[in-house]
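Participant: kindly return the folded structure for what I paste below:
(one chain, ligands or ions: 3)
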Amino acid sequence: MKYTAEKINISNKSSFDCIVIPIFEQYKLSKILKKINDISNNYILNILKENSIQGKINQNIILYKIPNFLCNKIIIIGCGIENKLNREKNKLILNNVINILKKYSIKEIIWYLTDLKIDNYKLYWNIRDTIDIFEKNTYLFHRFKKNKSYFSSKLKFNIHDNNKDIYFSAIKYGNAINLGIKKAKNIANLPPNICTPKYLSIKAKKLQKKYKNISVKILDEKIMQKKGMNAYLAVSKGSKNKPFISIIKYNFNDKKSQPIILLGKGITFDSGGISLKPSRNMEEMKYDMCGAAAVYGTIYAIAELKLPINVIAILAGSENMPSSNAYRPGDIIKTMSGLNVEIVNTDAEGRLILCDILSYIEKYKPKYVIDIATLTGACVIALGNNISGLMSNNNILCKKIITASLETDDRVWELPINDKKYFDKIKSNIADLVNSSDGVAGAITAACFLSKFTQKYKWAHIDIAGTAWYYVNQKAMSSGRPISMLCQFLINQVYND
Ligand code: BES
Ligand code: MN
Ligand code: ZN
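Facilitator: Ligands and ions are numbered 1, 2, ... in the order given. Predicted coordinates for the structure are as follows:
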């Protein structure tokens, strides 16, 4: 989709293809609709009344060939009671509108829906939500389709002299962030026979060619062995696909300022290993690399925006498979930190690859570290499919993440990790830690495990097991979450700190 913003003058001489205009309950016409109604000698209001389209949410009508008016069609969108419109309802309306535009393959749109003042809902976010929802609803992954379909159109926002900067800035950020989201989805939706840890490292390397502020370092098995990253190495022992860690450095600030590190779990397929998962829905475990995809998409957007900041995005690529060479329940593994972990369940592999990287990155003296991982089914039980789990060892960082999540409506909810009882659950009798504990508070005990490796810096963990993908016609598709929130966190870091 292409977005532009312009001051549009509607008169009996304007000849646009399609105009999208709001109406409120009880036939309350918006200013622009009133104007067209006048031009057409009450034609609009008469038709609305004939059809009882009084402006409720979900009531829409397309009008063609309006008297004295040259535009091909206008779509009138019911927006409910005028001062009861809010962000949630607005998003619902936007989803309805995009479906109409797709259904009729409308190619050029003049947009009046952001022209409204809505309490507690800034114009900037209304524009961003519009772009986000349009991009989400027009995204197609047709690489493996014989017949490829496209929907693309041009949307022109109507602006006023006093708000054009808001439009231009929202379009700029909306475009860059949605490009990052699209790039991430295009990787995450790939099948696990193509998207391997090696593939992730190749995608990372390519960023170095594309952006002059990016440099990429790949850690292979040999380097990991030298560093003592045995927990990381254990997970992929059963797989023919070798593990690779991609370290993507984005430097747009003076070299000295401390970097923010984003670490993404990149299990390109999680079979569970020897603790094999049931076959039902196992194909969805190709999405166990969505944390890595999210940090890739975030750095992509940040590089597009040339944000003046230092960020390191790390893709923790590995595959968890059973074989005679695989790691087993019962094994004890020495992590890079020196802590020994008793393996209880080979399906709790995420924390094992993450913990060694959490030790490795101490050398960067990070300002903040945020890991993003499809870590636990327990998080899905706790928070469902629209809110990601947030766990942290630092209140300030936590608040910043919550702020970014509220702004972008890319929601997170904090779960506690500051209770000794949780830590008791991950104690081993014969080693320092077990990698998995009994059924309760699984999202939290996983985070407690990670927190043992993050004591040298401010850290937050985001469990996206419930939010990394969603269902379209009962089948999974990558959601690109939480890229919006992460980008906003970084943007705030530059402009609000
Ligand atoms: N990748 C899974 C978590 C997951 C499950 C993500 C369902 C999305 C949907 C993770 O590696 C895993 O298997 N976790 C185990 C941990 C347990 C063995 C302690 C789980 O959640 O069952
Ligand atoms: Mn697992
Ligand atoms: Zn996993």
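Participant: ok, and the closest non-adjacent residue to the one residue in the chain that gets nearest to ligand 2?
Facilitator: Nearest residue of the chain to ligand 2: D347, at 3.9 Å (Cβ to the ion). C-betas here are computed from N, CA, C, even on glycine. In space, and not counting its chain neighbours, D347 is closest to G272: 3.9 Å by Cβ to Cβ, 6 or more residues apart in numbering.
Participant: list the contacts for the one you found?
Facilitator: Shown in contact with G272 (Cβ atoms under 8 Å, 6 or more residues apart in numbering): N320, P322, T346, D347.
Participant: how about it, secondary structure?
Facilitator: coil (DSSP: H, G, I helix; E, B strand; the rest coil).
Participant: now it: how far from ligand 3?
Facilitator: G272 is 8 Å from ligand 3, where distance means Cβ to the ion, to the nearest Å.
Participant: that residue and N320, how far apart?
Facilitator: Remark: distance between G272 and N320 (Cβ to Cβ, to the nearest Å) = 7 Å.
Participant: which residues do the two both contact?
Facilitator: Contact criterion Cβ under 8 Å, 6+ apart; residues shared by G272 and N320: T346, D347.
Participant: just the contacts of G272 now: which is nearest L307?
Facilitator: Distance to L307 across the contacts of G272 (Cβ to Cβ) is lowest for N320, with 34.0 Å.
Participant: partners of that closest one in the sheet?
Facilitator: D270 (DSSP bridges).
Participant: ok so, going back, list the ones among the contacts of G272 that fall in strands.
Facilitator: Counting by DSSP state E, the contacts of G272 place N320 in strands.
Participant: does the longest helix seen in the chain reach ligand 1?
Facilitator: In the chain, taking DSSP state H as the definition, the longest helix is helix 164-188. No - Helix 164-188 lies out of reach of ligand 1 by Cβ under 6 Å from any ligand atom, never closer than 12.6 Å.
Participant: thinking again about what came up before, burial of the residue of the chain closest to ligand 2, as a residue count?
Facilitator: By other Cβ atoms under 10 Å, the residues close to D347 number 20.
Participant: and the one 5 residues further on, by the same measure?
Facilitator: Close neighbours of L352, defined as other Cβ under 10 Å, add up to 25.
Participant: separation between it and A468?
Facilitator: Note on L352: its distance to A468, by Cβ to Cβ, is 19 Å.
Participant: need the phi and psi values for the residue nearest to D347.
Facilitator: Here is the backbone geometry of G272 (degrees, to the nearest 10): phi 100, psi -20.
Participant: from the stretch 301-450 of the chain, which residue is nearest to ligand 1?
Facilitator: Using Cβ to the nearest ligand atom, the closest approach of the stretch 301-450 of the chain to ligand 1 is made by G377 at 3.3 Å.
Participant: please name the nearest non-neighbouring residue to that residue.
Facilitator: Excluding the flanking residues, the one nearest G377 by Cβ to Cβ, 6+ apart is A465, at 6.3 Å.
Participant: does the one you found count as helix, strand or coil?
Facilitator: With three-state DSSP as the basis, A465 sits in coil.
Participant: that one - how many residues pack around it?
Facilitator: Neighbours of A465 under the rule other Cβ under 10 Å: 29.
Participant: please report how far it lies from L276.
Facilitator: As defined by Cβ to Cβ, A465 lies at a distance of 19 Å from L276.
Participant: hey, what's K156 bridged with?
Facilitator: Here K156 sits in beta bridges with T4, I110, going by DSSP bridges.
Participant: hey, where'd the helices end up in the stretch 351-497 of the chain?
Facilitator: For the stretch 351-497 of the chain, applying DSSP state H, counting those that start in this stretch gives helices covering 377-383, 395-408, 420-424, 442-451, 483-495.
Participant: among those, show me which one is buried the most.
Facilitator: helix 442-451 (a mean of 25; mean count of other Cβ atoms under 10 Å).
Participant: identify the residues contacting it?
Facilitator: Contacts to helix 442-451, defined as Cβ under 8 Å, 6+ apart, come from residues 348, 350-351, 354-355, 358, 371, 375-379, 381-383, 389, 391, 393, 415-417, 422-423, 425-426, 433, 435, 437, 459, 461, 463, 465.
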